[in-house]
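# With the input below, show me the fold.
(2 chains)
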There are 2 protein chains.
Amino acid sequence: MEEMLQISPTAGSPGKEQQAAGVGILLQIMMLVLSFVLGHVLRRHRVYYLPEASASLLIGLIVGGLANVSNTESSIRTWFNFHEEFFFLFLLPPIIFQSGFSLSPKPFFSNFGAIVTFAILGTFIASIVAGFLVYLGGITFLMYRLPFVECLMFGALISATDPVTVLSIFQEFGTDMNLYALVFGESVLNDAMAISLYRTMALVKSHSSSTKNLFLLVLRFLETFVGSMSAGVGVGFTSALLFKYAGLDIDNLQNLECCLFVLFPYFSYMLAEGLGLSGIVSILFTGIVMKHYTFSNLSENSQRFVGAFFHLISSLAETFVFIYMGFDIAMEKHSWSHVGFIFFSIIFIVVARAANVFSCAYLVNLVRPANRQIPLKHQKALWYSGLRGAMAFALALQSVHDLPEGHGQTIFTATTAIVVLTVLLIGGSTGTMLEALEVVGDNHDVSIGESFEGNNGYISPTYDEDASSGNRFTMRLKEFQKSTASFTELDKNYLTPFFTTQNGDEDEIQDNGVSNSRRGRSFRGHQ
Amino acid sequence: MEEMLQISPTAGSPGKEQQAAGVGILLQIMMLVLSFVLGHVLRRHRVYYLPEASASLLIGLIVGGLANVSNTESSIRTWFNFHEEFFFLFLLPPIIFQSGFSLSPKPFFSNFGAIVTFAILGTFIASIVAGFLVYLGGITFLMYRLPFVECLMFGALISATDPVTVLSIFQEFGTDMNLYALVFGESVLNDAMAISLYRTMALVKSHSSSTKNLFLLVLRFLETFVGSMSAGVGVGFTSALLFKYAGLDIDNLQNLECCLFVLFPYFSYMLAEGLGLSGIVSILFTGIVMKHYTFSNLSENSQRFVGAFFHLISSLAETFVFIYMGFDIAMEKHSWSHVGFIFFSIIFIVVARAANVFSCAYLVNLVRPANRQIPLKHQKALWYSGLRGAMAFALALQSVHDLPEGHGQTIFTATTAIVVLTVLLIGGSTGTMLEALEVVGDNHDVSIGESFEGNNGYISPTYDEDASSGNRFTMRLKEFQKSTASFTELDKNYLTPFFTTQNGDEDEIQDNGVSNSRRGRSFRGHQ
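Predicted structure coming up:
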């Protein structure tokens, strides 16, 4: 954004550079408005083969193409380069925070074990499989040959799936709440996992110590992940206590209350980044904690305001990301000589995603009782919904800096092609796919109700059936699921009374009910 | 902000530059939180000699001083330089828009003639007087000698007064509504005037054509001003029509409605900048028009939301500007050899402000009937409330680029000193001053009521007394005042029915009453 600063000393006339900035930003705002209006019209006419994210991407591509053909001044052009710093520091935080903030805790926590399995173990498997396949493709002369660590970096960055498009379609069609929670939870947590994996690999690469102990690497990764999570949860709890005791929930302090509330997520993100941890993981957990505890300590007006505020900010950021990406793809130089690389990469990521989804689903089904198995059609829907978006693009752009020998450029071109293809093709066909798999229905509200009823019922049966399998591994997994259940108890009896002003859980359920129904109406309502 | 981009290729380890960014932004957020909390505590304990703006400036100065003494990494340091582009493109628009948006139209329009006189004619007088005095001081060896055009540039930029501090104190103490409208309207419009004057002078300088026709210059200035105003009003009216006919005021489209509403002001700013006009003037009028017409076309929820949204954003921007400025002043290199220049500049701007206020007040009093004269104590209050803030600072920083021969540096140092001194001294003593002038009282709500009554009563008497003065000049001025009155008629009969969904003006009055009382409670409530 502030490339301007570099050119300002050379620009002659005062205000000239500001004029260029004005034109650049004006164009961006016009594209944003166009995206919102187009998205609204498309939704109104139920055109599901062009979701809003695809429409935004297309608008960016078209305007970028026009700007490329015409003779745009370079001072205006600099306002459109996709800067990964701008993306990571200003666009991504609101999107990820809103993901955590709008998570309805019940279905998320009741599927927590499965989500974590898919997001952490699954993304790890997908990265390794994709990386290995690309490496194998390279040494068998099927495709452009990348060194091994570069292959793993590519595998990591291409495993970050994008939640925006698929979820908006799920929302529109109405689907099973558990499937929704799985897809949502997995795609949000897996961004964090992919970025951590990518950075770890980049670290290996920069220290040229690929022979280092694998165990140390895993340890370092876990350290980052747990550290970031703790930082995020810590900031969230701090904010809960602050709002509980500061007494800001009186009427004329609403602005102060909202200002402080709005600053906390960003604080969490920057704290983690400043400590060398992962800001995404941190802000995601801050979002979950702040929604669960801090939110209920706010005055009623502020609750309504911050809900709408984060929704608005994240909508703007999301739409802008797709426009920005489309524009940059059209403007950037690409080495299209690697068509083979792109073609085989696509096949390999499909295979890698299958390895992720089906193996993890097998593990999850091992421990779940018969009535809670993940059905095959849900697994297929999960497999299908793995389109790649802004996170993969941003990491690929960063790889151009991290790998200056041309490998980064290959990775970037391939990722760009994959992003465009998956967003347009998968995004456009998700509706058809959901219908074909028969996981779609107009029983949206019913299924929410059902799953809520179900949640409260099905947690206890799990332990009764412990004896049905003597396998030690299965036992271990079941213990993990038990611990999530005991977390619910801990939350109800200790955390909620300590961090919020409400005492009984009756209040809480009512409160959740209200906020859910309100969010249900407006949540991603713009897409 | 994105200075990072320049260092990113050279930084070795991946994520290292992001870590520095994280630390920098983290520090900024902590200062913001500290400012808000400190401001709240000070207000609660009724400590008026340290208003929030001064507190923020002091926090910035202290932290900046500490960072200067300690050995901060330069990669973190780059996140704190005051970039005038960042200020003009991202911090200033929300502040100015909120000024226009929160303007209560009745007292503003009933004092419109006086406000325009003070802001346009008065600022012009003040700029010229200050510029001439500094030039005279230079040729009589009283102070550092600047060329004539540079003197006028300095005069223009130092004439931009800052509304934030004084207004928050006025709000706290409660004062006459007409005085409040005068101070508020003048300080907002005069920013726009000062920036236009500065740019015009910079244009003269860059074309080294100081001998050019003065008439052409005035024409060019008026062109900019009228053009920007038209652009702003045009965008405002467009938004009013869009929201009147788009039918977005149904419940589940609230997010789309708010997104579009929030984009319009920025659109107006960038449109004007892109056309080479003044974004500030444009966004100010967009704010006024959007509040008056577009706002009432929104759904009730969105009205509540956007009101709180712009208040929040502008509070954050305002507080950040003072912190940022304090930090930069402490970090920047200054040429303190020009103590004489600073000393005499301060005397000259006091004289220039007196020339502005008292001469314009004389003109205004010429046409006003006896019961509406601006009393001398109000004139004194207006004279006193001319502290210099972020606008002067940003323009001075730009002058360092515009005048590379060292003159810019002198102007910058002098402006910095003037800003710090006036914010701390005048800001801290405004309460005492208001009490000494006896323009303060607890009759805040009463005086609003009175002036509203008064407004409706005193516009007509003006025309009855036309004959009392035969002076042609006075006649001309009275005609101008008549035209503002006929604007009120035009508004009631044509504009409001055309641009809003409401027909009768009964609705409108009620609506204004509600929004005023709500705003009255929360307006600048954080300071």
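# near chain B, which residues of the stretch 51-200 of chain A show up?
A:83, A:85, A:86, A:88, A:89, A:199 (CB under 8 Å from any CB of the partner chain). The C-beta positions use only the backbone N, C-alpha and C, and glycine is treated the same way.
# which residue packs closest to residue A:120, ignoring adjacent ones?
residue A:193 (5.6 Å; CB to CB, 6 or more residues apart in numbering or on different chains).
# from memory that neighbour sits against residue A:121, does it?
No - the pair residue A:193 and residue A:121 does not pass the contact test of CB atoms under 8 Å, sitting 9.3 Å apart.
# Those two: which has the busier surroundings?
Applying other CB atoms under 10 Å in any protein chain shown to residue A:193 and residue A:121 shows that residue A:193 carries more neighbours, namely 28 against 15.
# after the strand or helix carrying the more buried one comes which helix or strand?
Assigned by DSSP states H and E, residue A:193 falls within helix A:177-206. Next helix or strand after helix A:177-206 toward the C-terminus (DSSP H and E): helix A:214-245.
# List the buried residues in that following helix.
By neighbour count with 16 or more other CB atoms under 10 Å in any protein chain shown, helix A:214-245 contains the buried residues A:217, A:220-221, A:224-225, A:227-229, A:231-240, A:242-244.
# which residues touch the residue most central in space within chain A?
Against the mean C-alpha coordinate of chain A, by CA atoms, centre = their mean, the closest residue is residue A:188 at 3.5 Å. Residues near residue A:188 by CB atoms under 8 Å, 6 or more residues apart in numbering or on different chains: A:96, A:99, A:100, A:103, A:119, A:163, A:284.
# Which of those fall in helices?
Cross-referencing the contacts of residue A:188 against helices under DSSP state H gives A:96, A:99, A:100, A:284.
# What sits closest to the last one if chain neighbours are left out?
For residue A:284, ignoring the flanking residues on the chain, the nearest one in space by CB to CB, 6+ apart is residue A:100 at 4.5 Å.
# Next, count neighbours for the one you found.
Using other CB under 10 Å: residue A:100 sits among 24 other residues.
# Show the contacting residues for it.
A:188, A:283, A:284, A:285, A:286, A:287, A:288, A:291.
# Neighbour-wise, which one of the residues you listed leads?
Busiest of the contacts of residue A:100 [other CB under 10 Å] is residue A:283, holding 37 neighbours.
# so what's it closest to, chain neighbours aside?
residue A:269 (4.3 Å).
# pretty sure the one you found is in contact with residue A:285, am I right?
No - counting by CB under 8 Å, residue A:269 sits too far from residue A:285 to count as a contact (11.0 Å).
# Show me where the stretch 251-400 of chain A dips below the pLDDT cut-off.
Scanning the stretch 251-400 of chain A for pLDDT under 70 picks out A:251, A:334-337.
# What parts of it come near chain B?
A:251-256, A:258-260, A:262-263, A:266-267, A:269-276, A:279, A:301, A:304-305, A:308-309, A:311-312, A:315-316, A:398.
# rerun at 6 Å
A:252, A:255-256, A:258-259, A:263, A:266-267, A:270-271, A:273-274, A:276, A:305, A:308, A:311-312, A:315 (CB under 6 Å from any CB of the partner chain).
# Those residues in helices, which ones?
A:255-256, A:258-259, A:263, A:266-267, A:270-271, A:273-274, A:305, A:308, A:311-312, A:315.
# Mind picking the two most distant members of those?
For those, the maximum inter-member distance is 29.5 Å, found between A:274 and A:308 (CB to CB).
# show me the contacts for residue A:227.
Going by CB atoms under 6 Å, 6 or more residues apart in numbering or on different chains, residue A:227 touches residue A:277.
# go on, the one 5 residues further on?
Applying CB under 6 Å, 6+ apart, one finds that residue A:232 lies in contact with A:268, A:282, A:285, A:286.
# Need these in TSV (columns: distance to residue B:180).
Formatted as TSV, the contacts of residue A:232 follow (distance: CB to CB, whole Å):
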residue	distance to residue B:180
A:268	40
A:282	45
A:285	46
A:286	41
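# returning to that earlier point: per-residue confidence at the residue nearest to residue A:120?
pLDDT, residue A:193: 83.
# Could you check how far it is from chain B?
16 Å (CB to the nearest CB, to the nearest Å).
# So that residue sits against residue A:124, correct?
No - contact criterion CB atoms under 6 Å: residue A:193 and residue A:124 do not qualify, at 7.2 Å.
# Compare the ones in helices among the residues of the stretch 251-400 of chain A next to chain B and tell me which is most surrounded.
For those, neighbours tallied by other CB under 10 Å; top is residue A:273, 28 neighbours.
# need the contact list for the residue nearest to that residue when sequence neighbours are not counted.
In space, and not counting its chain neighbours, residue A:273 is closest to residue B:22: 2.9 Å by CB to CB, 6+ apart. Residues near residue B:22 by CB under 6 Å, 6+ apart: A:270, A:273, A:274.
# Residue B:40: which of those residues is nearest?
residue A:270 (22.6 Å).
# neighbours of the one residue in the stretch 351-500 of chain A that gets nearest to chain B, just the number please.
The minimum distance from the stretch 351-500 of chain A to chain B, using CB to the nearest CB, falls at residue A:402 (5.1 Å). Residue A:402 has 22 neighbours, counted by other CB under 10 Å.
# Pretty sure it sits against residue A:204.
No - counting by CB under 6 Å, residue A:402 does not reach residue A:204; the two are 11.3 Å apart.
# what's the pLDDT at the residue of the stretch 101-250 of chain A found nearest chain B?
In the stretch 101-250 of chain A, the residue that lies nearest chain B is residue A:202 (4.2 Å; CB to the nearest CB). Note for residue A:202: predicted pLDDT of 81.
# try residue A:433
82.
# cool, and residue A:108?
Confidence at residue A:108, expressed as pLDDT, is 78.
# isn't it right up against residue A:181?
Yes - assessed by CB under 6 Å, residue A:108 is found in contact with residue A:181 at 5.4 Å.
# Looking at the two, which is more packed in?
Between residue A:108 and residue A:181, residue A:181 has the larger neighbour count (other CB under 10 Å), namely 22 against 18.
# I'm done for today, thanks for sticking with me.
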